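Trainee: Here's my sequence, what's the structure:
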Amino acid sequence: MRQELRDKIIEVCDRKIQQKGANVGLSFYAFFKNKNDQPEVLMEAAKWWIETHRLDHFEKAIKIKEMVQSGL
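Mentor: Numbering: from 1, shown residues only. The predicted structure follows:
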């Protein structure tokens, strides 16, 4: 996964955890605006989330952040 996407995921996870607490869940769509202006990056995130790690639609933000920081 490209570093730009990793940084964005960590930023969004941190913000959501700060706003809603440690148990907040999110989907990979949380890292994108409501318009499809970066389809390649969206597909990269979807592949990482769905194909590579077989994650549920919603996962805990803390789990996703830890996975990204560990290089998974």
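
Trainee: what does the least confident helix or strand in the chain by mean pLDDT contact?
Mentor: For the chain, the helix or strand with the lowest mean confidence is helix 39-46, at a mean of 92 (criterion: mean pLDDT, DSSP states H and E). Residues from elsewhere that reach helix 39-46 (Cβ atoms under 8 Å, 6 or more residues apart in numbering): Met1, Arg2, Glu4, Leu5, Ile9, Phe28, Phe31, Phe32, Asn36. Using the backbone N, CA and C atoms, a C-beta is placed for each residue, glycine as well.

Trainee: any idea how far the fifth one lies from Lys20?
Mentor: Here the criterion is Cβ to Cβ, to the nearest Å. By it, Ile9 lies 16 Å from Lys20.

Trainee: For the two, work out which one has more neighbours and name it.
Mentor: Ile9 (24 against 12; other Cβ atoms under 10 Å).

Trainee: Could you verify that that one is part of a strand?
Mentor: No - applying DSSP: H, G, I helix; E, B strand; the rest coil, one finds Ile9 to be helix, outside a strand.

Trainee: start at 313 instead
Mentor: Sure, I'll start counting at 313 from here, so that last one is Ile321.

Trainee: need the next SSE after the least confident helix or strand of the chain, C-terminal direction.
Mentor: Going down the chain from helix 351-358, the next helix or strand is strand 371-372, by DSSP states H and E.
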